[in-house]
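1. Sharing a model that was predicted from the sequence below.
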Amino acid sequence: MMKVIYPGSFDPITYGHIDIIKRCSLKFDKTIIAVLNNQNKKSLFNVEERIEMINQVTKEIDNIEVVSFTGLLTEFARKIDCSTIIRGLRAVSDYEYELQMALINKKAYPDIETLFMVASSDVSFLSSSIVKEIASYGGDIKCFVPKVVEDALNNKYGRRV
């Protein structure tokens, strides 16, 4: 069985993430959405909230699994016996960072391969950070995230839904 890990913070999940997830689900037997639980990073949503949102917006996709992990991605990959990582690229600026991470991961775990998937042009501008910023100012985020995520963001920022 060909499985792949799609790691990220998903704080929150956007249509850009969902685009990558759907495309992975068509190419691989199983896509493991690995939600990073990083205690050193201040997240708007806790890991349980992020997992719940991902589960809700991907419930129609049968061949995915949503899990959390802490620590190094390479150690998580070894633990679940998966040697393929998918990383989404939105722009050339993403490539330099992602390449560096792929090379570090390869050094730590020589069997691991990182595959880059270019974001679809209609979502290539999206990032969780931008969506959170727009939401924090009361901006309209309907075209960036599913309704469940929009509602969760509005609740976090003290707006009625």
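-> Nice, thanks for sending it over. Numbers count the residues shown, from 1 in each chain.
2. Please name the spatially closest residue to F116 (chain neighbours excluded).
-> Leaving out its chain neighbours, the residue that sits closest to F116 by C-beta to C-beta, 6 or more residues apart in numbering is L89, at 5.1 Å. All C-beta spots, glycine's among them, are computed from the backbone N, C-alpha and C.
3. Next up, phi/psi of F116, please.
-> Dihedral angles of F116 (phi, psi; degrees, to the nearest 10) stand at phi -100, psi 130.
4. when you give positions from now on, start the count at 51
-> Okay, residue one is now 51; in that scheme the one you just asked about reads as F166.
5. burial of it, as a residue count?
-> Using other C-beta atoms under 10 Å, F166 has 14 neighbouring residues.
6. Bridge partners for it, pull those for me.
-> Beta-bridge partners of F166, counted by DSSP bridges, are R137.
7. tell me the contacts of it?
-> I136, R137, G138, L139, Y145, E148 (C-beta atoms under 8 Å, 6 or more residues apart in numbering).
8. what do you get for G58?
-> Counted by C-beta under 8 Å, 6+ apart, G58 has contacts H67, I83, A84, V85, L86.
9. need the residues you listed in TSV with neighbour count and pLDDT, can you?
-> Formatted as TSV, the contacts of G58 follow (neighbours: other C-beta atoms under 10 Å; pLDDT from 0 to 100):
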residue	neighbour count	pLDDT
H67	24	96
I83	27	98
A84	22	98
V85	24	98
L86	19	95
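10. any chance of those in CSV, with distance to N155 and secondary structure too?
-> Below are the contacts of G58 laid out as CSV (distance: C-beta to C-beta, whole Å; DSSP: H, G, I helix; E, B strand; the rest coil):
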residue, distance to N155, secondary structure
H67, 20, helix
I83, 18, strand
A84, 13, strand
V85, 18, strand
L86, 14, strand
